[in-house]
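Student: Pasting the sequence and the predicted coordinates here, then a few questions.
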Amino acid sequence: MAAAPDSAAPAASAHQADLDVRGLSVAYRTRGTEVTALDGVSLTVAPGQVVALVGESGSGKSTLASAVIGQLDPQADVTGGSIRLGGKELTAANRRWRSHDIGYVPQDPTVSLNPSRTIVSQVGEVARRFHVAHRKNVEEVVERVLTDVGIRDPRRVLTLYPHQISGGMRQRVLIGIALLGDPGLIVADEPSSGLDVQVQQRILDLLETRVRTSGAGMLLITHDLALAAARADAIAVLHDGRLVETGPTDRVLTDPQDAYTAMLVAARPRRLETRDETPVSDEANPVVLEARGLGKEFPSRFGEPTRVLNEVSFEVRRGRTLGVIGESGSGKTTLARIAFGLETFTEGEMLLHGEPVGSPGHRIPRAALARVRMVFQNPYNSLNPALSVGQILADSLKAARLPKAGPVREEVRAALAAVELDAGIAQRRPRELSGGQRQRVAIARALVTRPEMLILDEPVSALDANVQAVVIDLLQELQRERSLAYVFISHDIAAIEAMSDDVLALEHGAVTSYGPVTKET
């Protein structure tokens, strides 16, 4: 089905093998009913080849990845077909064999790394399992792995915890782990989702170089057709769990045979409407949150502490949006976590409605932030996997104790409808949803409490281009209706320009510019 790999013969991987998926069907059991996620899917990935699996959120891409690596949800069943690697049936293989021959790069690096263990501990464990390192040289081997995946100052990173490094660095750590066993197949599930353009390119360059030099095959799962066009030898298109088209990349993009594929190829993200430029009034737009000279540093076992924020000052007004932009590792997410009371600050001052809250070395009390809600960059670890979507939203609503709230079921239904999710989603658990659906649930959970301020950490990074515009339109409409204050964090300049009244640009934790957004005409 796919284009041939490059003619130059790469160095063989120790476990080089074809992936052959035939007639694969997967269904989820949900409260006595069965929901089909994959229906008779067939595809192959040859050694040295990159095959992109594309489709909109909810099409079944991540379910296929989970099936290939042997990590399907307990509520999911393979109802038909087979998955073979090098002629061996994966559904019957033991987990150790799969982990050695398949390297998996997950969509969400935060939930995939143990938050209570250092980087050297986690990478070192895998290195020892594959006999790449032993107890005496584990730090040396891990430092080399981090260097190979392009992490600057790897010795400093060794003793840090996942939350102390950027999303791009966490993703690089996971790539290093995935490649330690010299796998014959790499499964990369949205490996650059949520990363800025520069880091995206570095991550994808790293993976592609490995494929071309080792002869390993790669199944690249993405909703970004432009990314598939730039990186893949072949494209397979999923729609509602069915494979509607496969073929060489050039042919699929220039001469699509299926109407759905043609729609994806023809689609362009519609231009986001810019905001009305209305004058700021201290009476109509009072300051909700203010930072003065904010600083943050993390201790390090090697040398000086790591400074991630330095002398950051800003204000967020009612009915206005502060856009925060910067590359991965610039301090954006750390700033959001401080503002939401999840992280301490080292120096400076935070004020809510003009009153100081928190103090250096202490988090802002949650009680002070009762009407502030956050939409996290990674919905995978912010939604309780044991609860249904309806229960998650209902718990959030009940905790807020809104005096004029309607029946819980109706409030939940309205919140889901606001983010364009069917009411039936309320019966499903987060693990049964796609990445994009989970992100919309996270937004709905914040909205259901009727907050006065939302901290939005890359809220559209996991969504398809057409859904991104819908969600941004929704956020703008909600702001107009309720005079919400937003902190909108993104690496996407177009989204920042569309959403923001003021922009705070960060680089290596320092403010490089701050002021009203300038929009190109």
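Tutor: Okay, I see it.
Student: where along the stretch 251-400 of the chain do the helices fall?
Tutor: 259-266, 332-339, 389-400 (DSSP state H, counting those that start in this stretch).
Student: I'd like to check what contacts the second one. Which residues are they?
Tutor: Helix 332-339 is contacted from outside by 166-167, 289, 291, 294, 296, 308-309, 312, 324-326, 343-345, 350, 364, 372, 374, 377, 455, 457, 487, 489, 506, using CB atoms under 8 Å, 6 or more residues apart in numbering. All C-beta atoms are positioned from the backbone trio N, CA, C, and that covers glycine.
Student: give me that answer again for 7 Å
Tutor: 289, 294, 296, 308-309, 312, 324, 326, 343, 345, 374, 377, 455, 457, 487, 489, 506 (CB atoms under 7 Å, 6 or more residues apart in numbering).
Student: on that earlier part again, out of the helices of the stretch 251-400 of the chain, the one nearest Glu283 is which?
Tutor: helix 332-339 (24.0 Å; CB to CB).
Student: For that closest one, which residues meet the burial criterion?
Tutor: If you call a residue buried by 16 or more other CB atoms under 10 Å, then helix 332-339 has these buried ones: 332-339.
Student: mean confidence for that helix?
Tutor: For helix 332-339, mean pLDDT is 90.
Student: for stretch 152-162, same thing?
Tutor: 87.
Student: One more: stretch 222-241?
Tutor: Taken as a whole, stretch 222-241 has a mean pLDDT of 89.
Student: pull the CA atoms of that stretch into CSV?
Tutor: Taking Å, rounded to 0.1, in the frame of the first residue of the first chain, the C-alpha atoms of stretch 222-241 are listed here in CSV:
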residue,chain,number,x,y,z
THR,A,222,-1.5,12.6,13.6
HIS,A,223,-4.5,14.8,12.8
ASP,A,224,-2.2,17.2,10.9
LEU,A,225,-2.3,16.4,7.2
ALA,A,226,0.5,19.0,6.5
LEU,A,227,2.7,17.1,9.0
ALA,A,228,1.9,13.8,7.2
ALA,A,229,2.7,15.3,3.8
ALA,A,230,6.1,16.5,5.0
ARG,A,231,7.2,13.3,6.9
ALA,A,232,5.5,10.2,5.5
ASP,A,233,6.1,7.8,2.7
ALA,A,234,2.5,6.7,2.7
ILE,A,235,-0.8,7.9,4.2
ALA,A,236,-3.6,5.8,5.7
VAL,A,237,-6.9,7.7,6.3
LEU,A,238,-9.2,6.7,9.2
HIS,A,239,-12.8,7.9,9.4
ASP,A,240,-15.2,6.7,12.1
GLY,A,241,-13.1,3.7,12.7
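Student: returning to that earlier point: out of the buried residues of helix 332-339, who's nearest Ala46?
Tutor: Out of those, the member with the shortest distance to Ala46 (by CB to CB) is Thr333, at 38.4 Å.
Student: Quick check: the closest one vs Ala291, distance?
Tutor: Using CB to CB, to the nearest Å, Thr333 is found at 15 Å from Ala291.
Student: Can you tell me which of the contacts of helix 332-339 end up in strands?
Tutor: Among the contacts of helix 332-339, DSSP state E puts 289, 294, 296, 308-309, 312, 324, 374, 455, 457, 487, 489, 506 in strands.
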